[in-house]
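Asks: Mind looking at a prediction? Sequence and model below.
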Amino acid sequence: MRGAPVAKALAERLAPQVEALAARGVRPTLAIVRVGEREDDLSYERGVTRRAEKLGLGLRKFVLPADCSQEWLADVVREVNEDKSIHGCLLFRPLPTSLDEAAICGMLDPAKDVDCITPRSLYGVLAGRQLGFPPCTAEAVVELLDYYQVPLEGARATVVGRSLVIGKPVSMMLQARDATVTMCHTRTRDLAAACRDADVVVAAAGHIGTVGVACAAPQQVVVDVGVNWDEGAGRLVGDVDFDAVGPIVRAITPVPGGVGSVTTAVLAKHVVEAAQRMVG
């Protein structure tokens, strides 16, 4: 299940909305705030940049060194909040451990929170209410499953990962679609059995090879959300052992080329929607 066709379909839906805003003198604009030079952040940033250029979105980049101070980063967030030409903000996480990530996330104007980093947006996802925007990657998983017509109502779904960034939100979104969800993690006892019994497996643990051949079953659809830099191979890989699992399951997303490309399209969708809300 490649992400490119899904992203293309999303972009085609967005194009007339971007044109309508342009006719009103509004260019939907995203601020990217990045601390340091993590390879996975850089890879995602390149994808976001390409997506913004194709759709005609504005892009502002704020890049700080890994050893920046809390106040320096806070000043950048305040600048983003106050700039009326910026409609959405993407803050790369995790931040360096020297920074108070929760405090920084809490500073962002919820109206510009297009990736669910503020408490208000997260509450909206967990409570099933339309407050802010869900995390782009979590929404991308559901968009991808919908595009490939994977039934979710009544399906057994296993989510491997429990973060507030992906694992917990995507679990809630799948439950909202009437899937029966089992949430697992790297310390789950007999993780392989929990995965084998599932119709849909979403791997979002953030560790190379978390989902291997013992987790696979022929009827499954596997969505690999992991983005990990494999030093030995010198490339990005997912959480799933693609070569081992791919031949067994019914369908699987590659890394790269799967969820990531859909995520950038969902981010663009959120920026456009944020701009629409701001101009009324």
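Replies: Nice, thanks for sending it over. Residues are numbered from 1 along each chain as shown.

Asks: switch to C-alpha atoms for all contacts and neighbour counts from now on
Replies: Fine.

Asks: can you give me the helices in the chain?
Replies: For the chain, the helices defined by DSSP state H occupy 4-23, 39-55, 70-82, 101-107, 119-127, 136-147, 167-176, 191-196, 242-245, 259-279.

Asks: Quick one: closest of these to residue 212.
Replies: Closest to residue 212 of the helices of the chain, according to Cα to Cα: helix 242-245, at 6.3 Å.

Asks: Show the average pLDDT along the closest one.
Replies: Averaging pLDDT along helix 242-245 gives 94.

Asks: List the contacts of it.
Replies: Here helix 242-245 makes contact (Cα atoms under 8 Å, 6 or more residues apart in numbering) with 212, 213, 216, 254.

Asks: where's the last one relative to residue 175, distance?
Replies: Residue 254 sits at a distance of 24 Å from residue 175 (criterion: Cα to Cα, to the nearest Å).

Asks: Repeat that for the third one.
Replies: Computed with Cα to Cα, the distance linking residue 216 and residue 175 is 22 Å.

Asks: Same drill for these two, tell me which one is more crowded.
Replies: Using other Cα atoms under 10 Å as the criterion, residue 216 and residue 175 rank with residue 216 on top: 25 against 19.

Asks: That one and residue 248 touch, don't they?
Replies: Yes - at 6.5 Å, residue 216 counts as touching residue 248 under the criterion of Cα atoms under 8 Å.

Asks: Check the contacts of helix 242-245 against residue 233 and report the nearest one.
Replies: residue 254 (15.9 Å).

Asks: so the closest one sits right up against residue 224, yeah?
Replies: Yes - using Cα under 8 Å, residue 254 is in contact with residue 224, at 7.1 Å.

Asks: tell me, what's touching the two both at once?
Replies: Joint contacts of residue 254 and residue 224 (Cα under 8 Å, 6+ apart) are residue 238.

Asks: who's more crowded, these two?
Replies: More neighbours surround residue 224 than the other of residue 254 and residue 224, with 29 against 22 (other Cα under 10 Å).

Asks: shouldn't the more buried one be in contact with residue 238?
Replies: Yes - between residue 224 and residue 238 there is a contact at 6.1 Å, judged by Cα under 8 Å.

Asks: Which residues are in contact with each of those two?
Replies: 254, 255.

Asks: need the contact list for the spatially closest residue to residue 26 that is not a sequence neighbour.
Replies: Leaving aside its sequence neighbours, residue 26 sits nearest to residue 275 (Cα to Cα, 6 or more residues apart in numbering; 7.8 Å). Residues counted as contacts of residue 275 (Cα under 8 Å, 6+ apart) are 26, 28, 29, 87, 88.

Asks: Include pLDDT and distance to residue 231 when you put those into TSV, please.
Replies: Below are the contacts of residue 275 laid out as TSV (pLDDT from 0 to 100; distance: Cα to Cα, whole Å):
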residue	pLDDT	distance to residue 231
26	97	43
28	98	37
29	98	35
87	98	36
88	97	33
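
Asks: got a markdown table for the residues you listed, with neighbour count and distance to residue 108 too?
Replies: Shown next, in a markdown table, are the contacts of residue 275 (neighbours: other Cα atoms under 10 Å; distance: Cα to Cα, whole Å):
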| residue | neighbour count | distance to residue 108 |
| --- | --- | --- |
| 26 | 17 | 22 |
| 28 | 27 | 18 |
| 29 | 23 | 16 |
| 87 | 28 | 12 |
| 88 | 30 | 10 |
